[in-house]
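Peer 1: task: produce atomic coordinates for the following.
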Amino acid sequence: TSTATQIEVLRGPATLFYGSGAIGGVVNVVDNRVPTSSDDQVDYLLQYNDVSNEQQASVNMQTGTDNIAFHLDAFWRDSKDYMLAGEADIHEEDDDHDTHGDTRLDNSSSTASGATLGSSYLFEDGFIGFSYGFMDREYGIPGHSHEEEHTDEHSAEDHDDEVGVYAKMKQERWQVLGEYNFDQQFISKVATKFSYSDYQHQEIEAGSVGTTFTNESTEARIDLFHQNTYGWQGAWTVHYKASDFKALGEEAFSPPAKSEMFAVAWLE
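Peer 2: Numbers count the residues shown, from 1 in each chain. Below is the predicted model of the structure:
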C-alpha cells in the first residue's frame, strides 16, 4: 500500500473501462511502478506495534535522466501471534479440556516481503514502460489446527500438541504501459496496458501441502480518448482478459477453469 499515490472509487458507466464484470463498482489503486516522471524521490516507512510484535519496513525510490526513468520499491513485514484483551479459550465450557489461559491468538503470525522494479522511456508526448514485481507471504490460519494422533505410550504432555494450519502464497506480475498524446486532432490520447500475473496459494497442514491453488491471468487494454466536441468528451476502450485457474490436492473441491473475456465500451 505504500506505493499508492491515489485510490479511485468508481461506480456507474465508468466501470465499463475495467471489464463487463465490474458493474458493481471498481476500486482502482494508482501507483508509479511504471514511472511517468524522472524526478528524484525517496519515500520510506519504519513501523512497529506491540500488539503482535510487528516489524515493518518499506521504501520507494524514483530517479532517472531526461528520457529514462527508474522505479524501485520493496517491503518486509514480520508479525507474531496477536495479543488479546483477555484469556483465549477455544473449547466449550462443558468440554473436558482445561482452559489455556493464553492471552495471544495462536497461529496468527505472518511474514511477507516483496519488491518491484520498473523503468520507462519518456518523450515529449507520452511514455512507454514496464515493471516486474513479486510478493511472498506466509500466514497462520487461527482456529484451524489438528491434534496429532497419539498412542497410550505417549505422555499427556505430547497429547496437547497441535499442528497449526498455515498458508503460503506467492505472486509474480509483469506489466507494460504506454501513453501517447496528440495535439489538435480528434483522437487526443491513446493509452495501452498489457499485464501477466502468476499466482500460487498453498494450504499446509502438519508440514505437508494439502491444497494448492494456482491462477495465471493475462490482460490487455487499449483506450482511445477524443477531444471535447460540442460539449461532449469521452473515450472508447477494447479490453481482453484470460485466466487459467487450478486447484490441486485432496481438498480441492473446485474444478479447473479457463475463462476469457472480451469487451468493447464507449463512454461519453
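
Peer 1: need the helices for this protein, in chain order.
Peer 2: For the chain, applying DSSP state H gives helices covering 156-159.

Peer 1: show me which helix or strand of it is least confident by mean pLDDT.
Peer 2: helix 156-159 (a mean of 40; mean pLDDT, DSSP states H and E).

Peer 1: Gly24 is in contact with Tyr18, correct?
Peer 2: No - if you go by CB atoms under 8 Å, Tyr18 and Gly24 don't touch, sitting 11.0 Å apart. Heads up, the C-betas are built off the backbone N, CA and C, glycines and all.

Peer 1: so for the two, which sits in the more crowded spot?
Peer 2: Tyr18 (20 against 7; other CB atoms under 10 Å).

Peer 1: low-confidence ranges, the protein, go.
Peer 2: 88-102, 144-163 (pLDDT under 70).

Peer 1: and the strands in it?
Peer 2: Assigned strands in the chain, in chain order: 4-10, 26-31, 41-49, 54-64, 68-79, 83-88, 102-104, 110-123, 126-147, 162-181, 187-205, 208-226, 235-249, 257-267 (criterion: DSSP state E).

Peer 1: what angle do the fourth one and strand 110-123 make?
Peer 2: By that I understand strand 54-64. If you take axes from the mean of the first three to the mean of the last three CA atoms, to 10 degrees, strand 54-64 sits at 10 degrees to strand 110-123.

Peer 1: mind listing residues that contact strand 54-64?
Peer 2: With contacts defined as CB atoms under 8 Å, 6 or more residues apart in numbering, strand 54-64 is touched by 2-3, 32, 35, 37-48, 69-80, 122.

Peer 1: cool, stretch 104-113 as well?
Peer 2: So stretch 104-113 is in contact with 52, 74-84, 88, 90, 135-145, 162, 164-166, going by CB under 8 Å, 6+ apart.

Peer 1: ok, of those residues, which come out buried?
Peer 2: 52, 74-75, 77, 79, 81-82, 88, 135, 137-140, 142, 145, 164-166 (16 or more other CB atoms under 10 Å).

Peer 1: what about Phe225, distance to Ala191?
Peer 2: Applying CB to CB, to the nearest Å, the value for Phe225 to Ala191 is 8 Å.

Peer 1: swap in Phe253?
Peer 2: 40 Å.

Peer 1: more neighbours: the two, which one.
Peer 2: Relative neighbour count places Ala191 above the other of Phe253 and Ala191, with 17 against 8, counting by other CB under 10 Å.

Peer 1: can you pull the contacts of that one?
Peer 2: Counting by CB under 8 Å, 6+ apart, Ala191 touches Leu177, Gly178, Glu179, Ile222, Asp223, Phe225.

Peer 1: may I have the beta-bridge partners of it?
Peer 2: For Ala191, the beta-bridge partners under DSSP bridges are Glu179, Asp223.

Peer 1: same question, the one 10 residues further on
Peer 2: Listed beta-bridge partners, His201: Met169, Phe213 (assigned using DSSP bridges).

Peer 1: tell me, how many residues neighbour it?
Peer 2: With other CB under 10 Å as criterion, His201 counts 16.
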